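Undergrad: Sequence and predicted structure are below.
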Amino acid sequence: MDQNEHLKPQIQTMEIDLLLEAIFRRYGYDFRSYARASIDRRVRNFLSSSGCDSVSEMIPKVIHDRAFFSRLARNFSIAVTEMFRDPMVYRAVREKVVPMLKTWPHVKIWHAGCATGEEVHSLAIVLKEEGLYDRSTIYATDFNDDALDRAREGIYETAKFQDATRNYQQAGGKRSFSEYYHAMYNAAAMDSSLRTRVVFSTHNLASDSVFGEMHLVFCRNVLIYFNRDLQNRALNLFTESLIHGGFLCLGTKESLRFTDVKDTFDVVDKKSRIYKKRRPSNE
Amino acid sequence: MNNKEHKPRREVSYHAVVMGGSAGGFKAFIAILSSLPKDYALPILLVQHLHHNDDGMFSRHLSNALKIPVIEPYDKQTIEPGIVYTAPADYHMLVEMNKTIALSTDEKVNWSRPSIDVLFESAALCYGNRVIGIILSGASADGTVGMGAIKTAGGLTMAQDPNSSAYPVMPQAAIDAGVVDYILTAEKIGNKLMALGQKSNQHQ
């Protein structure tokens, strides 16, 4: 048995292939095109809490027990985010994107993969302070319904608010951050006015289609979880959804460089990964 | 050191080096990597525990001190020999089977993002016995699990001698777990990497 110890990783890789296949065939969720290294970690983490001895043992449970599958799927889609993550990005949005957005009578924004909504509220605050909020609609989507429910509630641990306040200030915040939330005991509720212009809905970038004519697509640290094919699928959706001259904002370590749409966008802010969809050439 | 338990290794050519450091790690990285030439034969992936606002500072400082090129990679970047890849602040860095970098914003591991364990475990899966894992000065126990994964996969593991580490806790934790092949000073680790890099080169 011990001699086979070195084969264990390969066998587990095979088991995970089969697990992902089972999930896809049974429920239609395609995690086969997710970035594999992170999926492997999440499966192994889940395994230790699942009561199963091997990934193989999880397969029949996934197929026959929807609740077990839901638990696993939740585990696959935990996105960790924070209010005003990467403050300089929000500063760049304020300085380089908002002035352009102001030229349109109504602004439509797609926040794809919004997870638990910290960054939706951040974006709403920026729009509010720039006088753009009341003529904007933010479509905040995620494929994880639990995360969306939490985003709709907008209640976060108070422990996070110290960082959030600092980030807000670094992001060029114009007021006191405490004006935007109501502290309770261990939690704080974001002001409900930050959600009046937000439409939350379920959307899966791996299987669903275009979302309408957008002026800005905001999708940060979602594409890093996809493999190249799925990245391209998502980026093509964004490209189709955006009007000419519309903006795309990605995570600061995500790049269009190796993707299908690299020639469709111009760089607006390299460091903040803000791009602008090219107008059709007049030549 | 319990070298007796280890049979002399057959000549294995390695495909990658992974390194982890925390408190006192910067100095150790410099001591190890400054001897490596511009055209070193292996890729080097490293995690240093950083403040989440680091913004590429660590990578730039390291780059200024070394001959071998240093970059903070983007997601999906292809891993190439002779380049040091430093995990960006607030992202885990992993290796995919197709030898590209994967970044993630998953929850912290050992209270750290980037975490050494996350990099090392993925490297063990990807490179198997062709990876060298090195654990350096630090005050946490991050990296011990990852060193174990590399050891189990048949890779080579080294720890900075705790006596010569600014913070001995991290290398000591790996040593105590019995997952370390060589316990060496930073300078000697540098020499060994130099020698192993040359061997890898000849075998490729």
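TA: Perfect, thanks for sending it. Numbers count the residues shown, from 1 in each chain, chains lettered A, B, ... in the order given.
Undergrad: neighbours around residue 153, how many?
TA: Defaulting to chain A. Taking other Cβ atoms under 10 Å in any protein chain shown as the criterion, the count of residues near residue A:153 is 15. In this view, the C-beta of every residue, glycine as well, is placed from N, C-alpha and C.
Undergrad: think we crossed wires, I meant chain B
TA: By other Cβ under 10 Å, 22 other residues sit near residue B:153.
Undergrad: same thing with residue B:194?
TA: There are 15 residues near residue B:194, going by other Cβ under 10 Å.
Undergrad: pretty sure it contacts residue B:32?
TA: No: taking contacts as Cβ atoms under 8 Å, residue B:194 lies outside contact range of residue B:32: 9.8 Å.
Undergrad: Just list the residues touching the residue of the stretch 51-200 of chain A found nearest chain B, thanks.
TA: Here the stretch 51-200 of chain A gets closest to chain B at one residue, residue A:80, 5.2 Å apart by Cβ to the nearest Cβ. Neighbouring residues of residue A:80 by Cβ atoms under 8 Å, 6 or more residues apart in numbering or on different chains: B:105, B:106, B:107.
Undergrad: Using PyMOL, define a selection of the buried residues within the residues you listed.
TA: Buried members of the contacts of residue A:80, defined by 16 or more other Cβ atoms under 10 Å in any protein chain shown, are picked up in PyMOL with:
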select buried, chain B and resi 105+106
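Undergrad: Chain A next: which of the contacts of residue A:80 are close?
TA: Filtering the contacts of residue A:80 for proximity to chain A by Cβ under 8 Å from any Cβ of the partner chain leaves B:105, B:106, B:107.
Undergrad: Reformat those residues as a markdown table; add pLDDT.
TA: As requested, the ones next to chain A among the contacts of residue A:80 are exported to a markdown table (pLDDT from 0 to 100):
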| residue | pLDDT |
| --- | --- |
| B:105 | 92 |
| B:106 | 91 |
| B:107 | 90 |
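Undergrad: what does the stretch 1-150 of chain A put close to chain B?
TA: So the stretch 1-150 of chain A meets chain B at A:5-6, A:8-9, A:13, A:35-38, A:40-42, A:78-81 (Cβ under 8 Å from any Cβ).
Undergrad: Mind doing that once more with 10 Å?
TA: A:5-6, A:8-10, A:12-13, A:35-38, A:40-42, A:44-45, A:78-82, A:85-88, A:115 (Cβ under 10 Å from any Cβ of the partner chain).
Undergrad: So among these, which ones count as buried?
TA: Buried members of these, counted by 16+ other Cβ under 10 Å: A:9, A:12, A:35-38, A:40-42, A:78-82, A:85-88, A:115.
Undergrad: Any figure for the gap between residue A:250 and residue A:210?
TA: 18 Å (Cβ to Cβ, to the nearest Å).
Undergrad: Looking at the two, which is more packed in?
TA: Counted by other Cβ under 10 Å, residue A:250 and residue A:210 do not tie: residue A:250 has more neighbours, with 24 against 14.
Undergrad: Show me what the closest residue to chain A within chain B is bridged to.
TA: Relative to chain A, the nearest point of chain B is residue B:94 (3.8 Å; Cβ to the nearest Cβ). With DSSP bridges as the criterion, residue B:94 is bridged to residue B:102.
Undergrad: What is the burial count for it?
TA: Close neighbours of residue B:94, defined as other Cβ under 10 Å, add up to 28.
Undergrad: same question, residue A:176
TA: For residue A:176, using other Cβ under 10 Å, the count is 10.
Undergrad: which residues sit in contact with it?
TA: Residues near residue A:176 by Cβ atoms under 10 Å, 6 or more residues apart in numbering or on different chains: A:165, A:168, A:169.
Undergrad: Go through the buried ones among the residues of the stretch 1-150 of chain A next to chain B and flag which are in helices.
TA: A:9, A:12, A:36, A:37, A:38, A:40, A:41, A:42, A:87, A:88 (DSSP state H).
Undergrad: Could you dump those into JSON lines with pLDDT and distance to residue B:75 added?
TA: Compiled in JSON lines, these are given as follows (pLDDT from 0 to 100; distance: Cβ to Cβ, whole Å):
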{"residue": "A:9", "pLDDT": "77", "distance to residue B:75": "23"}
{"residue": "A:12", "pLDDT": "88", "distance to residue B:75": "24"}
{"residue": "A:36", "pLDDT": "94", "distance to residue B:75": "13"}
{"residue": "A:37", "pLDDT": "94", "distance to residue B:75": "11"}
{"residue": "A:38", "pLDDT": "93", "distance to residue B:75": "11"}
{"residue": "A:40", "pLDDT": "93", "distance to residue B:75": "16"}
{"residue": "A:41", "pLDDT": "92", "distance to residue B:75": "16"}
{"residue": "A:42", "pLDDT": "92", "distance to residue B:75": "17"}
{"residue": "A:87", "pLDDT": "96", "distance to residue B:75": "21"}
{"residue": "A:88", "pLDDT": "96", "distance to residue B:75": "18"}
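Undergrad: which one of those sits closest to residue B:139?
TA: residue A:41 (24.3 Å; Cβ to Cβ).
Undergrad: dump the residue contacts of residue B:42.
TA: Residue B:42 neighbours (Cβ under 10 Å, 6+ apart): B:13-17, B:36, B:79, B:81-83, B:130-132, B:193, B:196-197, B:200-201, B:204.
Undergrad: One more pass at 6 Å, please.
TA: Taking Cβ atoms under 6 Å, 6 or more residues apart in numbering or on different chains, we find residue B:42 in contact with B:16, B:17, B:81, B:197, B:200.
Undergrad: can you check residue B:122 too?
TA: By Cβ under 6 Å, 6+ apart, the residues touching residue B:122 are A:37, B:94, B:95.
Undergrad: Quick one: classify it as helix, strand or coil.
TA: Under DSSP: H, G, I helix; E, B strand; the rest coil, the three-state class of residue B:122 is helix.
Undergrad: For it, which non-adjacent residue is closest in space?
TA: residue B:94 (3.9 Å; Cβ to Cβ, 6 or more residues apart in numbering or on different chains).
Undergrad: Distance of residue A:211 relative to residue A:260?
TA: For residue A:211 relative to residue A:260 (Cβ to Cβ), the value is 18 Å.
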